[in-house]
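In: Sequence and computational prediction follow.
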Amino acid sequence: MRDMMVWCGGLYVLSLDLFVAHEMGDKKKKTFMFIRLVSAAGTGFFYVKRKSAKKVAEKLEFRKYDPRVNRHVLFTEQKMK
């Protein structure tokens, strides 16, 4: 059984064909970007949100709670630094 196994990348694989088929079947990871939603009240408070880079083209705006002014205000999208 040892002679049928192939050493590949730190692992013993039963056959190289299985290893290549598994590698080719891997799915591509989705691309997301993280954005910062900054308060329009000027307090500097922000939320971090994950946004799909492919699907959403326009800038996001949400009305969310800002604890520094103790009310709901408009939050607009800015890129992460």
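Out: Structure received.
In: After the worst-scoring helix or strand of the chain on mean pLDDT, which helix or strand is next?
Out: Across the helices and strands of the chain, mean pLDDT, DSSP states H and E gives its lowest value to helix 16-24, namely a mean of 50. Remark: after helix 16-24, the chain's next helix or strand is strand 32-39, criterion DSSP states H and E.
In: and after that following strand, which helix or strand comes next?
Out: strand 46-52.
In: Just list what that next one packs against, helices and strands only.
Out: Applying 3 or more Cβ pairs under 8 Å, 6 or more residues apart in numbering; DSSP states H and E, we find strand 46-52 packed against strand 32-39, strand 71-79. Quick note: C-beta positions are derived from backbone N, CA and C, even for glycine.
In: average model confidence for it?
Out: Here strand 46-52 scores 91 as its mean pLDDT.
In: Any buried residues in whichever helix or strand comes after it, and which?
Out: Next along the chain after strand 46-52, taking DSSP H and E as the criterion, comes strand 61-66. Across strand 61-66, burial judged by 16 or more other Cβ atoms under 10 Å covers Asp66.
In: Show me the strands paired with strand 61-66, marking each as parallel or antiparallel.
Out: According to DSSP bridges, strand 61-66 forms sheet pairs with strand 71-79 (antiparallel).
In: Give the buried residues for the partner strand.
Out: Neighbour-count burial for strand 71-79, counted by 16+ other Cβ under 10 Å, picks out 73, 75, 77.
In: neighbouring contacts of that strand?
Out: Defining contact as Cβ atoms under 8 Å, 6 or more residues apart in numbering, one finds that strand 71-79 is touched by 35-41, 46-47, 51, 59-66.
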